[in-house]
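Chemist: pasting the sequence and the predicted coordinates here, then a few questions.
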Amino acid sequence: MRQVKVVLREMGLEGDKRVKLTVKPWWEFLGEALTQGGWHAPVLVINRKIFTQGVVPERAKLKSYLEKLLQASARNAS
């Protein structure tokens with residue numbers, strides 16, 4: 001997921017401990033993808049919820065979603 005890596009880099013989150021990116025080959029993890037509802041590769045799952053599937057995610061939408069999650073996480077931590 002090159003697009004996800006680019007967004008994380010742009011946000012300064014590459015290597016950040018709050019964010020973990022795991023890329024799993026579709027065929028090897030087909031069963032896991034299907035149990036989470038991911039029928040069409042590529043499947044992007046964020047916090048155990050499908051963000052997109054079957055398309056490369058739009059950078060702006062992904063960035064906005066991640067920013068909201070990180071803000072909510074920061075509020076909950078304080």
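Modeler: Looks like it came in fine. Numbers count the residues shown, from 1 in each chain.
Chemist: so who does Val7 touch?
Modeler: Arg59, Leu62, Lys63, Leu66 (CB atoms under 8 Å, 6 or more residues apart in numbering). C-betas here are computed from N, CA, C, even on glycine.
Chemist: what's the closest of those to Gln3?
Modeler: Nearest to Gln3 among the contacts of Val7: Arg59, at 6.3 Å, using CB to CB.
Chemist: how about the lengthiest helix in the chain: buried residues?
Modeler: As assigned by DSSP state H, the longest helix anywhere in the chain is helix 59-77. Of the residues in helix 59-77, Leu62, Lys63, Leu66 count as buried by neighbour count, 16 or more other CB atoms under 10 Å.
Chemist: tabulate the contacts of Val7 (CSV), appending pLDDT and distance to Leu13.
Modeler: Output for the contacts of Val7, formatted as CSV (pLDDT from 0 to 100; distance: CB to CB, whole Å):
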residue, pLDDT, distance to Leu13
Arg59, 94, 14
Leu62, 95, 12
Lys63, 95, 10
Leu66, 94, 7
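Chemist: run through the helices of this structure in chain order.
Modeler: Using DSSP H, helices in the chain cover 2-10, 30-35, 59-77.
Chemist: want to throw these into CSV with distance to Val23?
Modeler: CSV is the format used below for the helices of the chain (distance: least, CB to CB, whole Å):
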stretch, distance to Val23
helix 2-10, 8
helix 30-35, 12
helix 59-77, 15
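Chemist: just list whatever residues bridge to the residue nearest the centre of the chain.
Modeler: Residue closest to the average C-alpha location in the chain (CA atoms, centre = their mean): Ile46, at 4.2 Å. Here Ile46 sits in beta bridges with Lys49, going by DSSP bridges.
Chemist: residue contacts, it?
Modeler: Applying CB under 8 Å, 6+ apart to Ile46 gives the contacts Tyr65, Leu66, Leu69.
Chemist: circling back: quick one, which of the helices of the chain is nearest to Thr52?
Modeler: helix 59-77 (8.1 Å).
Chemist: residues touching that closest one, excluding its own?
Modeler: 3-4, 6-8, 10-11, 13, 18-19, 44, 46-47, 51.
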